[in-house]
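Novice: Kindly return the folded structure for what I paste below:
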Amino acid sequence: MTENAETPTRSIVVEADMAYPIEKVWRAITDSECLALWFMKNDLKPEFGHKFTLRSRPIERWDGEFQCQVLDCEENQKISFTWKGGHQELKAFGHYIDTIATWTLTPNADGGTHVRFDHEGFTMDEEMNGCYEAMTKGAQSIVRTLNKMIPDFDE
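Specialist: Numbering: from 1, shown residues only. This next block holds a predicted model:
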């Protein structure tokens with residue numbers, strides 16, 4: 001995030017327990033082909049420093065692309081990446097975002113996985129409210145979709 005460290009920001013946090021082993025959940029969130037089936041087209045590689053693009057639906061004059069870079073990657077535990085995108089004329093969504101997304105996986109005693117998705121760095125200014133609200137609903141939706149789609153990702 002390029003914002004001044006003193007600039008207040010807000011975060012989105014979504015958590016869920018899933019009945020699938022951690023390795024299966026990890027594959028669903030880090031394998032480019034699996035990720036494209038339930039989230040967005042991408043060229044992700046779960047490797048520190050890897051630059052990749054998440055491709056969404058274009059809106060207004062924005063091309064629908066988010067530029068990302070892996071900041072941290074611990075297999076079967078955590079992947080964190082920058083998430084930047086937008087356009088000056090993308091008024092309803094706050095023009096640009098410069099945020100960090102983190103998936104954290106923790107094994108449950110029953111063999112399932114606790115999933116936590118953090119998306120941090122949304123500025124507090126009014127023009128970011130629409131983006132923050134849309135991304136909050138989106139985060140809740142993607143975690144539900146992930147949970148439904150995991151059985152389809154056989155090795």
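Novice: Spell out the residue ranges of the helices in this structure.
Specialist: Applying DSSP state H to the chain gives helices spanning 22-30, 32-38, 129-149.
Novice: how about low-confidence regions in the chain?
Specialist: 1-5, 87-95, 155 (pLDDT under 70).
Novice: Give me the most central residue, it.
Specialist: The residue lying closest to the centre of the chain (CA atoms, centre = their mean) is Ala101, at 4.9 Å.
Novice: ok, that residue touching Arg116?
Specialist: No - the pair Ala101 / Arg116 is not scored as a contact, 11.3 Å apart, by CB atoms under 8 Å. The C-beta positions use only the backbone N, C-alpha and C, and glycine is treated the same way.
Novice: if we can go back for a sec, deepest of the helices of the chain, which one?
Specialist: Mean neighbour counts were compared across the helices of the chain using mean count of other CB atoms under 10 Å; the top stretch is helix 22-30, at a mean of 20.
Novice: can you give me the angle that helix makes with helix 129-149?
Specialist: Orientation check (axes from the mean of the first three to the mean of the last three CA atoms, to 10 degrees): helix 22-30 against helix 129-149 gives 140 degrees.
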